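[1] here is a sequence with its predicted model. Questions after.
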Amino acid sequence: MSTMIATRDGFGEELVKLGKTNERIVVVSADLEDATRAEYFKKAYPDRFFSVGIAEQDMVGTAAGLSLMGFIPFINSFAVFLTNRAYDMLRMDLCYNNCNVKVICSHAGLTVGEDGASAQCLEDLALMRILPNMTVICPVDTIEAQKATRAIAEARGPMYLRTSRAALPVLTKESDPFKIGKANVLREGNDVTIFACGTMVSEALQAADILQQGKINARVVNMHTIKPVDEDMIIRCAKETGTIVSAEEHQINGGLGSVIAEVLVKNNPVPMEMVAVRDTFGESGSPQELLKAYHLKDVDIVEAAKKAIQRKRR
Amino acid sequence: MAHHLENMSSKTIDIPALKAKALQVRKEILETLHRAGSGHPGGSLSSVEILLSLYDYKMNHRPQDPRWEDRDRLIVSKGHITPGVYVVLAGCGYFPKEELKTFRKFNSRLQGHVHTKVPGVEFNTGSLGHGLSVANGVALGARLLKKNFRVYCLLGDGEIQEGSVWEAAMAGAHYKLDRVCAIVDYNKVQENGPVKEIKNLEPLAEKWRSFGWHTIEVDGHNFEKLFKALDEATGVQDKPSVIIAHTIKGKGVSFMEGDRNWHGKAPNAEQLAKALEQLK
């Protein structure tokens, strides 16, 4: 297995680099900057770091105010506290006002692990993507997290970046392209396309290896941008492989799978299966135990792919 | 004239003329509401003197250059009082008064709750409990840029039942945001009845003081006292200020005063005529 680094680390390191040349970047925090890695910025540029204490609503509004003065605030917390608790502020202050604020949420998904369901955010992609003006990104590894951090700092508007607590394999290289809204094919194949984001991309690649043994050639696409989603890629893969599997560490309703299904239904419906958390809360456990128990492992993707291919042949 | 006061920029204010203007503003608020067929008279009428004290006396602003970078800012956190805000802004010359006829209509800039499409509006609000955090953020940004303008935030009394207001109150004191001045339009009535019965705010001044704010209580319909309070707040250092403006919901129209039913309802033709009669 390649090097394992959490995407939150890629974000934290890149923000420090960006802060050196871009003095408009500021951080507003709600006492989880140690966990999100925004504390690297705090140590480097204490004058441009503001903690509002454990007050997520205040964090969003304060950041909106700073953005009115031309700053580029990065706010951060656990995904669950920011996207769920402060939703009205994200909707009104950031999206309705179209403020140039970046929302960085770590600890998304079941791989938060032992803290249990209260800390495991499984709703954020759905909640964020339905907000007008919001961009939603979920990087696959630390290198992509760095690129995504650069990209959202440059692009204007409210943007959501989902990072992980769990260390993830480094699957991309510095030279690989990253463009908001442009999905990347990581592995070619013509029998089925597996669209995955974040932690689930490595599971998808492993699933493709397993499928290969059964003579099924699976294409694997890294859907790092949930919104605006790469519709052309989805339509092309549907046409070329005839069947689709989505894989995400998120509720089955409203996230990556739903986005893809919406595009397919409107353009080129093909059999599709979704690998996601099945409308239930998580619990305490190790990340690997949880991924297994909630059917988010490579073998689950394999089963979904076989099922989808069966439906295609009917 | 005995009623003349001077503010920091030595602007002479003719109080009787301003009182006459307040009367006119109230009329235009009611006409605007009547034409729209919906909207919020109670809190608009209670905040007329507050808004005029800010725009005609205290704030440095340029209606012909709404985005002038050194302007004082007002974040209207009680975003439903658009009739009051828009009539006052139009009166300043931010946009033609004629446009008030489009209030709440499709395709109009004059959205039901304050919106930055309207020149002079700093931030879209309408969901309560947002403005004070935003005002703090603007003040933090101004401090980083070494700007000296002031940031005002108009809050409703019912609004401050929202916990987010107190998150912001703590932050404002923590960061010693002495350029921030909150104004509570304490009109004592909210949508479903008297504030003190729904969820009592008292002791309100003590609450703000204990949160670290320089707290001033005034009659929110008395220009001289509002001017004095605003000037006092300007002189405060190392802590934010709050002016608790005691007002009357629906002020100026006998049948609207203190009546919760006029929180969010437009007058019909007969009610308008009766109200205008009282505002002479």
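    Sure, I can see it. Numbering: from 1, shown residues only, chains lettered A, B, ... in the order given.
[2] which SSE is residue 232 in?
    You didn't pick a chain, so chain A it is. Using DSSP states H and E, A:D232 falls within helix A:231-241.
[3] right idea, wrong chain: chain B
    Secondary structure (DSSP H and E) places B:E232 in helix B:223-235.
[4] could you list the paired strands of whichever helix or strand comes after that helix along with their orientation?
    Remark: after helix B:223-235, the chain's next helix or strand is strand B:241-246, criterion DSSP H and E. Applying DSSP bridges to the sheet, strand B:241-246 is found paired with strand B:180-186 (parallel), strand B:214-219 (parallel).
[5] which residue is the nearest non-sequential neighbour of whatever residue of the stretch 1-150 of chain B ends up closest to chain A?
    For the stretch 1-150 of chain B and chain A, the shortest gap (C-beta to the nearest C-beta) falls at B:G137, measuring 2.0 Å. Bear in mind the C-beta positions are built from the backbone N, C-alpha and C, glycine included. Nearest residue to B:G137, sequence neighbours excluded (C-beta to C-beta, 6 or more residues apart in numbering or on different chains): A:G65, at 2.0 Å.
[6] now do the helices in chain B.
    Remark: helices assigned in chain B by DSSP state H are B:15-36, B:41-46, B:48-52, B:82-92, B:131-144, B:163-174, B:195-199, B:204-210, B:223-235, B:269-278.
[7] was I right about the residue of the stretch 1-150 of chain B closest to chain A contacting A:G61?
    Yes: under the criterion of C-beta atoms under 8 Å, B:G137 makes contact with A:G61 at 6.4 Å.
[8] quick check: buried residues in stretch B:175-188?
    Buried residues in stretch B:175-188, defined by neighbour count with 16 or more other C-beta atoms under 10 Å in any protein chain shown: B:175, B:177-188.
[9] let me redo that: stretch A:241-256
    So for stretch A:241-256, counting by 16+ other C-beta under 10 Å, buried means A:241-252, A:254-256.
[10] pick out whichever of those sits closest to chain B.
    For the buried residues of stretch A:241-256, the nearest to chain B is A:G254 (22.2 Å; C-beta to the nearest C-beta).
[11] how far away is that closest one from A:T225?
    16 Å (C-beta to C-beta, to the nearest Å).
[12] cool, B:K251 as well?
    For B:K251, the distance to A:T225 - C-beta to C-beta - is 52 Å.
[13] over to A:A308?
    Taking C-beta to C-beta, one finds A:A308 at 23 Å from A:T225.
[14] report pLDDT for the residue lying closest to B:E159 once chain neighbours are set aside.
    Leaving aside its chain neighbours, B:E159 sits nearest to B:L128 (4.3 Å; criterion: C-beta to C-beta, 6+ apart). Per-residue confidence for B:L128 comes out at a pLDDT of 98.
[15] isn't B:L128 up against B:G43?
    No: in this structure, B:L128 is not within contact of B:G43 by C-beta under 8 Å, at 11.2 Å.
[16] more neighbours: which of the two?
    B:G43 (28 against 20; other C-beta atoms under 10 Å in any protein chain shown).
[17] now do the same end-to-end measure for stretch A:120-134.
    22 Å (C-alpha to C-alpha, to the nearest Å).
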